[in-house]
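Participant: got a predicted structure here, sequence first:
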Amino acid sequence: MDNRAIEILKQFFGHDQFRRGQEEIIKHILNGRDVLGIMPTGAGKSACYQVPALIFEGTTLVISPLISLMKDQVAALNQAGVDAVFINSSLSASEYREVFKNAAAGVYKIIYIAPERLFTDDFTALMKQLEIDLVAIDEAHCVSQWGQDFRPSYVRIRTFIDKLPRRPVVAAFTATATIEVSNDIADLLNLQDPHRTVTGFNRENLTFNVVKPENKFKALLEFVKKNSENSGIIYCATRKSVEDVCEKLRSAGFKATRYHAGLSDDERHVNQDDFIYDRMKIIVATNAFGMGIDKSNVSYVVHYNMPKSIENYYQEAGRAGRDGEPAECLLLYSGQDVRINRFMIEQSDMNPEISPEVRASIKEKDFERLKRMTFYSTTTDCLREFILNYFGEKTHTYCGNCSSCNTTFETVDITLEAQKIVSCVYRLRQMNRSFGKLMISDILRGNNNEKISRMQLATLSTFGIMPDVTSRRIHKIMDFLVDQDYLSVSDDQYPVIQLSSRSGEVIKSMEPVFMKLPKEVVKEKQTSKKRKTKASDQPEDLSLFGKLKALRSEMATKARVPAYIIFTDAALRDMSIKKPMTLEAFLDVSGVGKAKQEKYGEIFIELIRAES
């Protein structure tokens, strides 16, 4: 790993270490290898191409589908002291000329561009003058017809790269992609032997809740009242619902604005800015809003209607808690949501270039996605486990941070069940036998089927010792025992359960074994667990934190950027804990790089000194 990567991370972005997956991706990019990074929202995808961009001699091109994302990232880079620019339809004619003049002179290390503008004559000419070392493709799932946001313009990215004077390193990133879609991305973008990194889809700071209220707006009102000091997004399925919910919230005294495709471009722009700049606490929107919005202090996302896919839901819900702080994701479900989505899929307009056969396949896939989303909305299983399993990330633990875990699961003593299961595996080993979960469950429950009879397994002392325990429960306990290393699983094509080095602890230890399991009998709802506390060992100074936020707001107004571009809430919290009194100490605050130290250090330190 190039030591400069760590130096640049600290100098420009104010962090001492990389997040999970970032260092590995950056290493491969710097070594000249294509990469495909699948990382959840808030995991730091942008640093994976921004850090190499500042190491490479030439220019990095970032292809992004949304103007809002480009503006946010370029503003953040400029604040951090990086020369970056965007090229899209929001530029005036004079700005456009100035950008191209500076770009041709090699002023910019990073250029953001919309895919639709790649083949314009002036941009084609510019590409012949520049040394492009890296092409980063954000929201890469848009290239796949099987992805939830297919854009035909993404399909032409491959042709654009092929026409460059020299093929650069190509890095593709997305937050939500099944195995099928990720393979499609690699193929359609012609990634060359790409290094694939899947950092995991788990966002531990997010709480997932599904509620089936009799009155949706009443449930929403109660929720936003509890979060009145926080910033949040409320997604609705239709423009009519957006208008209705927004008006009712305003009537109830909330600072709410709206966003949907039926509004004029000017109003959408104003409303979006009002939300991003914290002039409005709440934005009520269709799914036309949010993709690429980098607002870090969104504390909750409410889905007033169920979206049409897990991909859409997780991408939209993931806009909460981007700063790593605890955040809530609430889905208000009703059966009517399914009918609305079926209608919208039936009536959806597709690109005329797509053949009738492909259209039919896409619709069929959309209906399958809707079915899975409906299962999520109605399951009593762990919601986090459901999402992670959908994206191919296997997990057997109950998160304790979703509505299912907090209402339909309980912590139980499984010591006796664990002993029986481990004993069964041990007795089988004495017979030089080993089986998978299904067979072990049948033995424990006393199912004398043909295979058990033929192998004379009914003679085992552990045969039929768990007759009243369901197979599902036994499987879950086995998964837990494997997770805790009390048992192990073979790497064979047909994996079997085996003993591990810790198996003896279950049999010999007097310490009980506890596990969260589905309740056997439906009981009254328990009070939901409180949101997780922050990881900091020390609490922040709340009075100082409030004053730092006010100062940040003043600085943001002067700089004409959103407040979180100056410093995130997480950075201000760290500031209020560490209370730096010198410029050198100010650099120790998470998120403070050299440029921000020079721009804002003195004025923030002055406030901290005055309050200490």
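Facilitator: Perfect, I can see it now.
Participant: measure stretch 391-410 end to end?
Facilitator: With CA to CA, to the nearest Å as the measure, the ends of stretch 391-410 fall 26 Å from one another.
Participant: tell me which residues of it come out buried.
Facilitator: Of all the residues in stretch 391-410, those buried under the rule 16 or more other CB atoms under 10 Å are 391, 395-399, 401-410. For glycine as for every other residue, the C-beta is placed from the backbone atoms N, C-alpha and C.
Participant: tell me which of these fall in helices.
Facilitator: With DSSP state H as the criterion, helices contain 403-408 from among the buried residues of stretch 391-410.
Participant: so which of the buried residues of stretch 391-410 comes closest to Phe545?
Facilitator: The closest of those to Phe545 turns out to be Asn401 (CB to CB; 24.5 Å).
Participant: test my guess that that closest one contacts Thr207.
Facilitator: Yes: with contact defined as CB atoms under 8 Å, Asn401 reaches Thr207; the gap is 5.2 Å.
Participant: returning to what we had before: in the ones in helices among the buried residues of stretch 391-410, which has the lowest confidence score?
Facilitator: Lowest pLDDT of these: Thr408, 75.
Participant: and the gap between that residue and Lys516?
Facilitator: From Thr408 across to Lys516, the span is 10 Å (CB to CB, to the nearest Å).
Participant: one more: Thr257?
Facilitator: Taken as CB to CB, the span from Thr257 to Lys516 is 40 Å.
Participant: look at the two and report which has more neighbours.
Facilitator: Taking other CB atoms under 10 Å, Thr257 and Lys516 do not tie; Thr257 has more neighbours (21 against 17).
Participant: please enumerate the helices of the stretch 301-450 of the chain.
Facilitator: Remark: helices assigned in the stretch 301-450 of the chain by DSSP state H, counting those that start in this stretch are 310-317, 335-346, 356-378, 383-390, 403-408, 415-430, 437-445, 450-454.
Participant: quick one, which of those helices gets closest to Ala105.
Facilitator: helix 310-317 (37.7 Å).
Participant: what angle do that closest one and helix 335-346 make?
Facilitator: 110 degrees (axes from the mean of the first three to the mean of the last three CA atoms, to 10 degrees).
Participant: helix 310-317 packs against which elements?
Facilitator: strand 298-303, helix 356-378, helix 383-390 (3 or more CB pairs under 8 Å, 6 or more residues apart in numbering; DSSP states H and E).
Participant: which of these has the highest mean neighbour count?
Facilitator: strand 298-303 (a mean of 24; mean count of other CB atoms under 10 Å).
Participant: which other residues reach that strand?
Facilitator: Strand 298-303 has contacts (CB atoms under 8 Å, 6 or more residues apart in numbering) with 220, 223-224, 227, 230-235, 313, 316-317, 319-322, 325, 327-332.
Participant: residue at max distance from the center of this structure?
Facilitator: Thr459 (50.6 Å; CA atoms, centre = their mean).
Participant: tell me the pLDDT at that one?
Facilitator: We have a pLDDT of 92 for Thr459.
Participant: change the start of the numbering to 603 and stick with it
Facilitator: Will do, 603 is the new start, and the previous item becomes Thr1061.
Participant: tell me the spacing between it and Asn1050.
Facilitator: From Thr1061 over to Asn1050 the distance is 11 Å, taken as CB to CB.
Participant: repeat that for Phe752.
Facilitator: Per CB to CB, Phe752 is found 53 Å from Asn1050.
Participant: which secondary element of the protein has the worst mean pLDDT?
Facilitator: Every helix and strand of the chain was ranked by mean pLDDT, DSSP states H and E. The lowest is strand 1116-1120, at a mean of 78.
Participant: just checking, what packs against that strand?
Facilitator: Strand 1116-1120 is packed against strand 1011-1015, helix 1073-1085, with contacts defined by 3+ CB pairs under 8 Å, 6+ apart.
Participant: how far out from the middle of the chain is that strand?
Facilitator: On the basis of CA atoms, centre = their mean, to the nearest Å, strand 1116-1120 sits 27 Å off its chain's mean C-alpha point.
Participant: and it, which strands flank it?
Facilitator: Using DSSP bridges, strand 1116-1120 pairs in its sheet with strand 1011-1015 (antiparallel).
Participant: list the contacts for the residue farthest from the centre of the chain?
Facilitator: Under the criterion of CB under 8 Å, 6+ apart, the contact list for Thr1061 is empty.
Participant: low-confidence ranges, the stretch 803-952 of the chain, go.
Facilitator: Low-confidence segments of the stretch 803-952 of the chain (pLDDT under 70): 892-896, 951-952.
Participant: could you pull out the strands for it?
Facilitator: 808-813, 833-837, 858-861, 884-887, 900-905, 929-934 (DSSP state E, counting those that start in this stretch).
Participant: what's the last one packed up against?
Facilitator: With contacts taken as 3+ CB pairs under 8 Å, 6+ apart, strand 929-934 sits against strand 808-813, helix 818-828, strand 900-905.
Participant: neighbouring strands for it, and are they parallel or not?
Facilitator: In the sheet, strand 929-934 lines up against strand 808-813 (parallel), strand 900-905 (parallel) (DSSP bridges).
Participant: looking at those strands, which is nearest to Asn680?
Facilitator: The closest of those to Asn680 is strand 900-905. By CB to CB, the value is 22.5 Å.
Participant: could you export that closest one as PDB, CA atoms only?
Facilitator: Written as PDB, here are the backbone C-alpha positions of strand 900-905 (Å, rounded to 0.1, in the frame of the first residue of the first chain):
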ATOM      1  CA  VAL A 900     -30.400  12.800   7.900                       C
ATOM      2  CA  SER A 901     -31.600  11.100  11.100                       C
ATOM      3  CA  TYR A 902     -34.500   9.200   9.700                       C
ATOM      4  CA  VAL A 903     -36.100   7.900   6.500                       C
ATOM      5  CA  VAL A 904     -39.800   7.000   6.500                       C
ATOM      6  CA  HIS A 905     -41.500   5.100   3.700                       C
END
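Participant: tell me which element Pro1069 falls in.
Facilitator: Under DSSP states H and E, no helix or strand contains Pro1069.
Participant: ok, it touching Asn1050?
Facilitator: No: contact criterion CB under 8 Å: Pro1069 and Asn1050 do not qualify, at 11.5 Å.
Participant: neighbour count for the two, which is higher?
Facilitator: Ranked by neighbour count (other CB under 10 Å), Pro1069 and Asn1050 place Asn1050 first, with 13 against 9.
Participant: nearest residue to the more buried one other than its sequence neighbours?
Facilitator: Leaving aside its sequence neighbours, Asn1050 sits nearest to Ala1060 (CB to CB, 6 or more residues apart in numbering; 5.4 Å).
Participant: pLDDT weak spots in the chain?
Facilitator: Low-confidence segments of the chain (pLDDT under 70): 603-604, 748-751, 892-896, 951-956, 998-999, 1111-1112, 1120-1142.
Participant: for Ile631, what are phi and psi?
Facilitator: Backbone torsions of Ile631, given as degrees, to the nearest 10, read phi -60, psi -50.
Participant: likewise Leu663?
Facilitator: With angles defined as degrees, to the nearest 10, Leu663 sits at phi -110, psi 130.
Participant: give the contact list for it.
Facilitator: Shown in contact with Leu663 (CB under 8 Å, 6+ apart): 713, 715, 734, 736-738, 770.
Participant: want to throw those into TSV with distance to Phe891 and neighbour count?
Facilitator: Shown next, in TSV, are the contacts of Leu663 (distance: CB to CB, whole Å; neighbours: other CB atoms under 10 Å):
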residue	distance to Phe891	neighbour count
Ile713	26	26
Ile715	22	20
Ile734	32	19
Leu736	30	22
Val737	28	23
Ala738	24	28
Pro770	33	21
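Participant: which of these lies closest to Arg805?
Facilitator: Checking the contacts of Leu663 against Arg805 with CB to CB, the nearest one is Ala738 at 22.4 Å.
Participant: how far off centre is the helix or strand encompassing the closest one?
Facilitator: Here Ala738, judged by DSSP H and E, is contained in strand 734-739. Centre-to-centre, strand 734-739 and its host chain are 23 Å apart (CA atoms, centre = their mean).
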